[in-house]
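> generate a structure from the sequence data that follows.
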Amino acid sequence: MTRRVVTGIDAEGRSCVIVDGPVQPYGPEALGFVWKTEELPVDNSANADILAGPFDFDDIHRRSSTFVVMEFPPNVPPMWHATDTIDYCIVMSGEIVLELEAGDVILRAGDVAVDRGSVHSWRNETAEPARCAIVMLPSKPVGAGRTV
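Next up is the predicted model:
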C-alpha cells in the first residue's frame, strides 16, 4: 500500500507532519484515498485528517478536490464512464491502457494523462498490477451524460 504523509502547522506555528500512514483503502480495485478538500480555494488552517470519516464518491462533483491511488489488477473488465471532473493521472508503476472512443493509448510508469471529462475506461493487459495516482477536480460537464 502507498504511504500517505500530510503536512500541517503545529501549535507553535511550525510546519509538521499531521498524518503518516497508508492511504485509506476502498473498493475492489484497491482504490486508496489520499486526500480531499471541501472547497476551492482550500482552507489549509485545520489539522484534522479530512479522510477520518467515510468517503462519499459524489464528493468529486462538488467544489472540491480528490486525490486517490488506484491499483488496476491484470484482466479486470473495463468500466466505461465519464465524470464531471478534470483528472490528472500519473502512472506510478506497471502499464495501463487508456481506452477512448476514438482509440486506445498505452501508458507506462512515468507517463501522465489529463482526462478532461471524456468517456473512457482503463484496461490492464499485463500480468502485473498497474498503480496510478489521480487528482480529480470538478469541471463543467462534457461527457458524463453520455454512455458507451
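> for the rest of this, base every contact and every neighbour count on C-alpha atoms.
OK.
> avg pLDDT for stretch 141-148?
Stretch 141-148 shows a mean pLDDT of 56.
> numbering from 28 from now on, please.
New numbering, starting at 28: the last item is stretch 168-175.
> so what's Leu127 up against?
Each residue near Leu127 by Cα atoms under 8 Å, 6 or more residues apart in numbering is listed here: Ser145, Val146, His147, Ser148.
> number of residues surrounding the residue nearest to the last one when sequence neighbours are not counted?
Right, the one you point to is Ser148. Of all residues not flanking Ser148 in the chain, Trp107 sits nearest, at 4.6 Å (Cα to Cα, 6 or more residues apart in numbering). By other Cα atoms under 10 Å, 14 other residues sit near Trp107.
> how about stretch 39-56: buried residues?
Val50, Gln51, Pro52 (16 or more other Cα atoms under 10 Å).
> as CSV, these with distance to Val169 would be great.
Below are the buried residues of stretch 39-56 laid out as CSV (distance: Cα to Cα, whole Å):
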residue, distance to Val169
Val50, 30
Gln51, 30
Pro52, 29
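> just those residues: which are in strands?
Among the buried residues of stretch 39-56, the members falling in strands (DSSP state E) are Gln51, Pro52.
> just checking, Leu67 touches Thr93?
No: judged on Cα atoms under 8 Å, Leu67 makes no contact with Thr93 at a distance of 11.3 Å.
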